[in-house]
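Peer 1: Just to be clear, the model below is a prediction. Sequence and coordinates:
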Amino acid sequence: MEERPSLSNEPARYVLLLPAVLVVMFLSIFPLLLSIFTSLSNIKFVKGGFEVNYVGLRNYEKLLQGSQQRRFLGRFDDPGTFGWIVLAVFAAFMAYWLFRYVTGPRRRVFGLIMRVLTVIISGGLLWLLVRTSSGRGLPGTLVVTLIFVFSGVAAQYALGLLLALLVTQDLPGKRFFRVVFLLPMMLTPVGIGFLFRMLSDTLIGPIAPVWKAVGLYNFSWVNNPATARLAIVIGDTWQWTPFVFIILLAALEGLPTETVEAALVDGANRWQMFRYIILPQIIPVSTTVILVRMIEAFKIIDMPQAMTRGGPGTATESVTLHAYNLWRALDLGTSSALAYCLLFVVTFVALVFVNFIRQRLLEMI
Amino acid sequence: MRRLSVLLTILALVVASLASTGISYSQDKPFEGVSINLLTFTGPQIAEPLQRHAPEFKELTGAEVNVITVPFADLYQTILTDQATGTNSYDAFVFAPQWMVDLVNYLEDLTPYVENDPAIQWDDIAPFFRNFSAMYQGRIYLIPLDGDFHMVYYRTDVLEEAGLQPPRTWDEYLEVAAAVHGKDMNGDGEGDYGSCISKARSAQAYWWITSIAGPYIQSLGTAQGVWFDTETMKPLIDNEGFIRALEIYKETSKYGPPDEATLDVGDTRSLFVGGRCALSLDWGDIGTLAIDPTISVVQDKVGAVITPGATEVVDRATGKLVPCDETSCPYAVDGVNYAPFASYGGWSGGVSAGIAQEKKDAAYAYFSYVAQPAQANIDVTIGKTGFNPYRVSQFENLEPWLQAGMSEQAARNYLGAIQDSLNSPNMILDLRIPQNQRYQQVVLDTVLSQFLAGEYTAEEAAKEISDQWEEITDELGREAQREAYLGTLGIQK
């Protein structure tokens, strides 16, 4: 039989893909590349537009060693005894981790390189954390962001899991609470920021009488760096716990009942059922939701801007808020460089989480 | 044929009649159909009178004025980016005259407009605002709508009861604040505050430090300058005078509301007129807000004085504080060197140069309308406008003030405090060199908030500000910045 001439699959595939590729190029890749150039430039607004001068890595130098260093990385002090202990424990743990990999059966050169890089970068971040938290040290916007990310996501996961477990129990009104628990996620973050700003106002806020009753009248949450950061973590947790809750609830409701019933027959108590039956089964979903929340949390800006404007001083200024403030000051180059520094940190944390932590947890199941 | 000629005659008459009606109508409402987008900062101050007068202006001229507001921290950037990129979303702006140096290329030269506009009564505008706030290199670019000086307000009843006098120096300010802090000042049974000063970041709080540091740094007259060394262009920041000012600034927080670091000027004004503060540092606004019976519980209980001075001044050669004497402080009064700060210079209106002529005409006409004595002399007596006196007639004619509810004594006291500042030979002028916004609204504002939060000691904060100012000066060119600085100091008052 004679074969009919037809369009080859190969060109058709490209033609069909091209619009999507062009859209992605135009909306994502092009701005990404342009912002690299912006981060290497000094941009001035002049009549008729702007003047762009290439300055190489000077904007990065400004952030890491120059006038923005204290604000971005923080003020360093010598690690105290506790700081040295933390660093020593971390070094020992990392050495053991590397040793196990090198002596293990699955060692690869690329894997070793990635692990060494992980040790160096995470060690650097811990070094930064310790030195900016010791003595007269002060955390910069990078450390403040890490505090928001890790404390916020941990609290959101713990509360979200607790609420999801409660709602899966046979309790009265669980349908009602399932909807109520979702409400904070549907509100605009800036609105929540202002809401928590009012709630934390001990003088004229709506719960000022409560503050007065517990002896916290004439006290301002936002005057103290620690309480101001706590207020932001509480606000962020209030908003994003529902996101964790709804995903974990779906995971819990999708669990097969046979294993739970078998455990009951075997006499397992509630804790044992949770620890050995439920938790392992929701780990894949948990790690995914944690990853999504971590990536989002690194970009936090609305809550600190609305609640404290990054204050007191720069105590609650996140990296994104720092970049936004630099943008408002028309320092577009340094702002872009800062955005790239954040991109680097987020990518690193996400890669470490996916490749080492998530992988390890999945293997443990 | 005759019928045709009659018809043509009638038609010609109708057309002529319509045309004449049109001309007459267009003269009545010369800007009919013209719409102006006017940008200023989020009110209610400043935006309120601009919004209130817009319908009147439309009724008179046909022009529609849309007042658009952005937060104060965004105003400079919004104007600059809009004009530099040629977007021209806005036709006119009401902003800080000190930014004129960066924006002058985008502003219409209003000199011919003013020269052909007797209704604005230009000569009635006080010379300082006419020559400094409105002009750049001998040309008029801005129409003053407001006059700004810092002053200290005090509760006459509270100080009288405590047997205290209004503060003459910043040390006395702290003493008075400490003495009355915690006393019930509004009869609600709760302790109130010795001092309320707005200290919020990304707001208008960064101006106060210059009023406190000024008398420690500038003593030889306005031309000496308070910002930079006129020879080296080194900032006059990392010295004992500025450090002392930082310490005073922080110490006032001891006698203020617990959340003072987050209060904007609107908040501290509300606290003061709500009877919760004995002292406050502000522009002219508290004086007029205090007479508004709808918000004030301190009517006729408010006094105003020139910002306090100092009895020591920085020796610029060593950076150390030395006692004032006849040589170092020639303008001192009873041993106190005063340096009132003409901070902000008064909100003023400018017109974009990149818009159609009819819009320029309409925008100028609107600023002229708001600035004319018939409107301005009433507006400055209303607290919520944010407009403070800037015309000679507003200082000389007490009638509008009395009609607004001020007692004669209070009016004389309030206007006297402003005049004392305006007439001072040692008045401090705003920084008006290129990119002054970066020096003050970016660096000074951020480091001050870090200092208040305890992130820096006074010495560290002074060094940090100084270092970052040096970085900007080096980036923009030291000699060019120096020339610009000297140019602004030589201004005739």
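Peer 2: The structure has been received and is ready for your questions.

Peer 1: Get me the contact residues on the stretch 1-150 of chain B for chain A.
Peer 2: Proximity of the stretch 1-150 of chain B to chain A is confined to B:73-74, B:77, B:80-81, B:84-86, B:105-106 under the rule C-beta under 8 Å from any C-beta of the partner chain. Heads up, the C-betas are built off the backbone N, CA and C, glycines and all.

Peer 1: What is the nearest of those residues to chain A?
Peer 2: The nearest member of those to chain A, counting by C-beta to the nearest C-beta, is B:Ala84 at 3.9 Å.

Peer 1: does that closest one really touch A:Leu330, like I thought?
Peer 2: No: B:Ala84 is beyond contact range of A:Leu330, at 10.0 Å (criterion: C-beta atoms under 8 Å).

Peer 1: joint contacts of these two?
Peer 2: With contacts defined as C-beta atoms under 8 Å, 6 or more residues apart in numbering or on different chains, the residues shared by B:Ala84 and A:Leu330 are A:Phe45.

Peer 1: now the closest residue to B:Val442 other than its chain neighbours: how far from B:Tyr439?
Peer 2: With sequence-adjacent residues excluded and distances taken as C-beta to C-beta, 6 or more residues apart in numbering or on different chains, B:Val442 is closest to A:Ala329, at 4.2 Å. A:Ala329 sits 11 Å away from B:Tyr439 when distances are taken as C-beta to C-beta, to the nearest Å.

Peer 1: and what of A:Thr202?
Peer 2: For A:Thr202, the distance to B:Tyr439 under the criterion C-beta to C-beta works out to 35 Å.

Peer 1: doesn't B:Ala362 make contact with B:Ala63?
Peer 2: Yes: with contacts defined as C-beta under 8 Å, B:Ala63 counts as touching B:Ala362 at a distance of 4.2 Å.

Peer 1: Common neighbours of those two, please.
Peer 2: When contacts are counted by C-beta under 8 Å, 6+ apart, the set common to B:Ala63 and B:Ala362 consists of B:31, B:34, B:36.

Peer 1: What parts of the stretch 201-350 of chain A come near chain B?
Peer 2: For the stretch 201-350 of chain A, the residues found near chain B under the criterion C-beta under 8 Å from any C-beta are A:201-203, A:218-220, A:222-223, A:225, A:308-315, A:325, A:328-330.

Peer 1: Cross these against helices and list the overlap.
Peer 2: With DSSP state H as the criterion, helices contain A:225, A:325, A:328 from among those.

Peer 1: Which one of those residues sits in the busiest neighbourhood?
Peer 2: Ranked by neighbour count under the definition other C-beta atoms under 10 Å in any protein chain shown, those are headed by A:Asn325 with 25 neighbours.

Peer 1: can I assume that residue is in contact with A:Gly310?
Peer 2: Yes: counting by C-beta under 8 Å, A:Asn325 touches A:Gly310, with 7.1 Å between them.

Peer 1: any common contacting residues for these two?
Peer 2: Residues touching both A:Asn325 and A:Gly310 by C-beta under 8 Å, 6+ apart: A:Glu317.

Peer 1: all strands for the stretch 201-350 of chain B, in order.
Peer 2: Secondary structure of the stretch 201-350 of chain B (DSSP state E, counting those that start in this stretch): strands located at B:277-282, B:302-306, B:312-315, B:320-323, B:348-351.

Peer 1: CSV for those strands, including mean neighbour count, distance to chain A and mean pLDDT?
Peer 2: As requested, the strands of the stretch 201-350 of chain B are arranged in CSV below (neighbours: other C-beta atoms under 10 Å in any protein chain shown; distance: least, C-beta to the nearest C-beta, whole Å; pLDDT from 0 to 100):
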stretch, mean neighbour count, distance to chain A, mean pLDDT
strand B:277-282, 27, 13, 97
strand B:302-306, 22, 22, 96
strand B:312-315, 21, 25, 97
strand B:320-323, 14, 26, 97
strand B:348-351, 27, 15, 97
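
Peer 1: I'd like those as JSON lines, with distance to A:Gly235 appended.
Peer 2: Written out in JSON lines, the entries for the strands of the stretch 201-350 of chain B read as follows (distance: least, C-beta to C-beta, whole Å):
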{"stretch": "strand B:277-282", "distance to A:Gly235": "30"}
{"stretch": "strand B:302-306", "distance to A:Gly235": "38"}
{"stretch": "strand B:312-315", "distance to A:Gly235": "45"}
{"stretch": "strand B:320-323", "distance to A:Gly235": "45"}
{"stretch": "strand B:348-351", "distance to A:Gly235": "39"}
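
Peer 1: isn't there a helix covering A:Tyr60?
Peer 2: Yes: assignment of A:Tyr60 by DSSP: H, G, I helix; E, B strand; the rest coil places it within a helix.

Peer 1: State the distance from it to A:Leu32.
Peer 2: Relative to A:Leu32, A:Tyr60 is positioned 17 Å away (criterion: C-beta to C-beta).

Peer 1: Give the residue from those two that has the larger number of neighbours.
Peer 2: Higher neighbour count among A:Tyr60 and A:Leu32: A:Tyr60, with 20 against 12, using other C-beta under 10 Å.

Peer 1: Please indicate which of the residues of the stretch 201-350 of chain A next to chain B are buried?
Peer 2: By the neighbour-count criterion of 16 or more other C-beta atoms under 10 Å in any protein chain shown, those include these buried positions: A:201-203, A:220, A:222-223, A:225, A:308-315, A:325, A:328-330.

Peer 1: Can you show me the strands along the stretch 101-250 of chain A?
Peer 2: Read by DSSP E, counting those that start in this stretch, the stretch 101-250 of chain A holds these strands, from start to end of the chain: A:138-139.

Peer 1: any idea which element the residue nearest to B:Ile433 when sequence neighbours are not counted lies in?
Peer 2: Residue nearest to B:Ile433 in three dimensions, not counting chain neighbours: B:Ala484, with 4.3 Å by C-beta to C-beta, 6+ apart. Taking DSSP states H and E as the definition, one finds B:Ala484 inside helix B:478-489.

Peer 1: and if you look at A:Tyr14?
Peer 2: Under the criterion of DSSP H and E, A:Tyr14 resides in helix A:9-24.

Peer 1: can I get the CA coordinates of that helix in CSV?
Peer 2: What follows is helix A:9-24, C-alpha atoms only, in CSV (Å, rounded to 0.1, in the frame of the first residue of the first chain):
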residue,chain,number,x,y,z
ASN,A,9,5.4,14.8,13.9
GLU,A,10,8.6,16.6,14.5
PRO,A,11,7.8,20.1,13.0
ALA,A,12,4.2,19.8,14.2
ARG,A,13,5.4,19.3,17.8
TYR,A,14,7.5,22.5,17.5
VAL,A,15,4.7,24.5,16.0
LEU,A,16,2.3,23.5,18.7
LEU,A,17,4.8,24.2,21.5
LEU,A,18,6.1,27.5,20.1
PRO,A,19,3.3,29.8,21.4
ALA,A,20,3.7,28.4,24.9
VAL,A,21,7.5,28.7,24.8
LEU,A,22,7.3,32.2,23.5
VAL,A,23,4.9,33.2,26.3
VAL,A,24,7.2,31.7,28.9
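
Peer 1: Give the buried residues for the helix or strand that comes right after it.
Peer 2: Counting by DSSP H and E, the next helix or strand C-terminal to helix A:9-24 is helix A:30-39. By neighbour count on 16+ other C-beta under 10 Å, the buried set for helix A:30-39 is A:35, A:38-39.

Peer 1: Return the helix or strand in chain A with minimum mean pLDDT.
Peer 2: Each helix and strand of chain A was given a mean pLDDT (mean pLDDT, DSSP states H and E); the minimum falls on helix A:359-364 at a mean of 76.
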